[in-house]
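Trainee: take this sequence and fold it.
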Amino acid sequence: QVQLAESGGGLVQPGESLALFCTASGSRFRVNSMAWYRQAPGKERQLVAVIVSGGTTHYAESVKGRFTISIDDAQNAVALQMNRLKPEDTAVYYCNARIPADSRQETFDEYWGQGMQVIVSS
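Mentor: Numbering: from 1, shown residues only. Model (predicted):
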């Protein structure tokens, strides 16, 4: 049973930094990719950043230059460093992992963390 454990959410003031962490456990395979999504009140869940095991990254326009995603694919772990936080970054942040379904590694299962609240407010 694959589980994603998240940590690092909290309350910060505008302009401050915060780091989020997530580790996927319970799989014998390395992750194919890991990502962070967020959902603000009354809005749909949106992609914040994604990183593939080879290191390729993609960021939402709203966080480019402020957020950095990194992966330790040997540990099935991902981090999101968030700098120069803004009130509009306030949301529940979710970790996502795509892991091979079997040893052929041609199909993937997707897993989600429970979500962490990040509040940016003065």
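Trainee: the lengthiest strand in the chain: how far from the chain's middle?
Mentor: For the chain, the strand reaching the highest residue count under DSSP state E is reported as strand 91-100. The chain centre lies 5 Å from the centre of strand 91-100; the measure is Cα atoms, centre = their mean, to the nearest Å.
Trainee: would you mind putting the CA coordinates of that strand into PDB?
Mentor: The C-alpha coordinates for strand 91-100 follow below in PDB (Å, rounded to 0.1, in the frame of the first residue of the first chain):
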ATOM      1  CA  ALA A  91      -4.100  27.100  -0.300                       C
ATOM      2  CA  VAL A  92      -4.100  23.500   0.600                       C
ATOM      3  CA  TYR A  93      -1.000  21.900  -1.000                       C
ATOM      4  CA  TYR A  94      -1.100  18.300  -2.200                       C
ATOM      5  CA  CYS A  95       1.700  16.000  -3.000                       C
ATOM      6  CA  ASN A  96       1.300  13.700  -6.000                       C
ATOM      7  CA  ALA A  97       3.400  10.800  -7.200                       C
ATOM      8  CA  ARG A  98       3.300   8.600 -10.300                       C
ATOM      9  CA  ILE A  99       4.800   5.200  -9.600                       C
ATOM     10  CA  PRO A 100       5.200   2.200 -12.000                       C
END
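Trainee: helices or strands up against it?
Mentor: Packing partners of strand 91-100 (3 or more Cβ pairs under 8 Å, 6 or more residues apart in numbering; DSSP states H and E): strand 3-7, strand 18-25, strand 33-39, strand 77-82, strand 108-112, strand 116-120. C-beta here means a position set from N, CA and C on the backbone, and glycine is covered the same way.
Trainee: how about those in CSV, adding mean neighbour count, distance to T56 and mean pLDDT?
Mentor: Shown next, in CSV, are the helices and strands packed on strand 91-100 (neighbours: other Cβ atoms under 10 Å; distance: least, Cβ to Cβ, whole Å; pLDDT from 0 to 100):
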stretch, mean neighbour count, distance to T56, mean pLDDT
strand 3-7, 16, 21, 97
strand 18-25, 19, 18, 97
strand 33-39, 23, 9, 97
strand 77-82, 22, 13, 97
strand 108-112, 15, 16, 96
strand 116-120, 18, 25, 98
